[in-house]
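Enquirer: Based on what follows, work out the 3D shape:
(2 chains)
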Amino acid sequence: KQEVTQIPAALSVPEGENLVLNCSFTDSAIYNLQWFRQDPGKGLTSLLLIQSSQREQTSGRLNASLDKSSGRSTLYIAASQPGDSATYLCAVPYTNAGKSTFGDGTTLTVKP
Amino acid sequence: GAGVSQSPRYKVAKRGQDVALRCDPISGHVSLFWYQQALGQGPEFLTYFQNEAQLDKSGLPSDRFFAERPEGSVSTLKIQRTQQEDSAVYLCASSSPDGDEQFFGPGTRLTVL
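Expert: So this is what the prediction gives:
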């Protein structure tokens, strides 16, 4: 059974810092990995999707990397802003059908 | 539509009542997923549809939970005889025919008193 772990559970940084969020998974035979953002009381917003054949994806100030052999993905956020404050979740689908296992998320607070 | 929509956004039920939660996926999305999210945790898979076919219901916690998607678009998650442990946010997601990126709705927060 796939297990997904995100460490740390919570992170607080001053505005402007670069930071890294971690996601680890136990079964390296993944199809892809998706990073989401969740604001309080809201649904999930897709940030980045990395296919299993890729090593990284970039969108604006966000960069996600994937190392299947070690069962790890990282989400790098450059020049953090207070608006980046949210919970960040990673998800790994069981198969190409998309049914996913999620981590419990990292709650990020960026202080002005 | 522009995105996945869910209704109602909030539902309060007395223990023992039946509830029905609705999901409208993005137009043209073949796959539809239901997840349950407890406070402070990541979403947990409940069930999955491809068009009108329910291909996987292994995550449904009990036979009180039932989901349907009769015409391959709108889906309804029904919970019979609700219990306090059913209190959670119920999230719906859909994905395009290539089955990769999932798009989530805002969720329905269910509170069972």
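Enquirer: give the contact list for the residue in chain A that chain B sits nearest to.
Expert: Residue nearest to chain B within chain A: residue A:102 (3.3 Å; CB to the nearest CB). In this view, the C-beta of every residue, glycine as well, is placed from N, C-alpha and C. Each residue near residue A:102 by CB atoms under 8 Å, 6 or more residues apart in numbering or on different chains is listed here: A:4, A:89-91, B:35, B:42-44.
Enquirer: And for it, nearest residue in space, chain neighbours not counted?
Expert: Sequence neighbours aside, residue B:42 is the residue nearest to residue A:102 in space, at 3.3 Å (criterion: CB to CB, 6 or more residues apart in numbering or on different chains).
Enquirer: What count of nearby residues applies to residue 69?
Expert: The chain I'm using is chain A. By the criterion of other CB atoms under 10 Å in any protein chain shown, residue A:69 has 6 neighbours.
Enquirer: ah, no, chain B please
Expert: When neighbours are defined as other CB under 10 Å, residue B:69 has 21 of them.
Enquirer: What of residue B:110?
Expert: Count around residue B:110 with other CB under 10 Å applied: 21.
Enquirer: which SS state does it fall under?
Expert: Secondary structure, DSSP: H, G, I helix; E, B strand; the rest coil: residue B:110 is strand.
Enquirer: I'd assumed residue B:84 was in contact with it.
Expert: No. Assessed by CB atoms under 8 Å, residue B:110 is found out of contact with residue B:84, at 10.6 Å.
Enquirer: For residue 79, give me its contacts.
Expert: Here I'm looking at chain A. Neighbouring residues of residue A:79 by CB under 8 Å, 6+ apart: A:16-18, A:61.
Enquirer: wrong one, I was asking about chain B
Expert: B:18-19, B:21, B:64-66, B:86, B:110.
Enquirer: quick check, residue A:83 in a helix?
Expert: Yes. The assignment for residue A:83 is a helix, going by three-state DSSP.
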